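Visitor: When you get a sec, could you give me coordinates for this:
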Amino acid sequence: MFGVMGLTVAPAQDKTDKKDPKKIEKKAEKKDDTKTEKKAPTEPTFELYEDTAKQFRFRLVDTTGANLTMASKGYKTKAEAEKVIARIKSVASKATVDDQSK
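Guide: Numbering: from 1, shown residues only. From the prediction side, this is the model:
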């Protein structure tokens, strides 16, 4: 690689790499190993996970796998996140809509 006035340019790739069957097989194997298909839940589901900052978050997904809502912040413990999920589950059906777009 070399730089010209702040730009970095990579040298052209050797086209023979693309035709090497061993390299093609290895690339295909890597793709298959890392690919995991996530199935949509059969009912709305809270997914609890740990983010890159090691905090716990959650999201509510519908049966198509689409996000309905996500935690706006991370929680230090899994128990804290689970407590918020339980609270949402207990009050959501009683919630009203306050249309502030008027």
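
Visitor: Which residue is the nearest non-sequential neighbour of T45?
Guide: Nearest residue to T45, sequence neighbours excluded (C-beta to C-beta, 6 or more residues apart in numbering): V61, at 5.6 Å. Yep, even glycine has a C-beta here, placed from its N, CA and C like the rest.

Visitor: which stretches of the chain have low pLDDT?
Guide: For the chain, the stretches with pLDDT under 70 are 1-38, 40.

Visitor: what about 50?
Guide: Across the chain, the ranges flagged by pLDDT under 50 are 1-17, 24, 28-35.

Visitor: show me where it has strands.
Guide: Along the chain, the stretches classed as strands by DSSP state E are 2-4, 7-9, 45-50, 56-61, 67-70.

Visitor: Point out the most buried one among these.
Guide: Among the strands of the chain, ranked by average contacts under mean count of other C-beta atoms under 10 Å, first place goes to strand 56-61 (a mean of 18).

Visitor: Tell me where this protein has helices.
Guide: Secondary structure of the chain by DSSP state H: the helices cover 16-19, 21-34, 78-91.

Visitor: Pairing partners for the closest residue to T77 other than its chain neighbours in the sheet, please.
Guide: Leaving aside its sequence neighbours, T77 sits nearest to F56 (C-beta to C-beta, 6+ apart; 6.7 Å). Here F56 sits in beta bridges with E50, Y75, as judged by DSSP bridges.

Visitor: residue contacts, F56?
Guide: 48-50, 74-78, 80-81 (C-beta atoms under 8 Å, 6 or more residues apart in numbering).

Visitor: Just the buried ones from these?
Guide: 74-75, 81 (16 or more other C-beta atoms under 10 Å).

Visitor: Just give me the closest of those residues to A95.
Guide: Nearest to A95 among the buried ones among the contacts of F56, counting by C-beta to C-beta, is A81 at 19.9 Å.

Visitor: Could you check how far the closest one is from T52?
Guide: Distance from A81 to T52, counting by C-beta to C-beta, to the nearest Å: 16 Å.

Visitor: same check, this time on V61
Guide: Applying C-beta to C-beta, the value for V61 to T52 is 20 Å.
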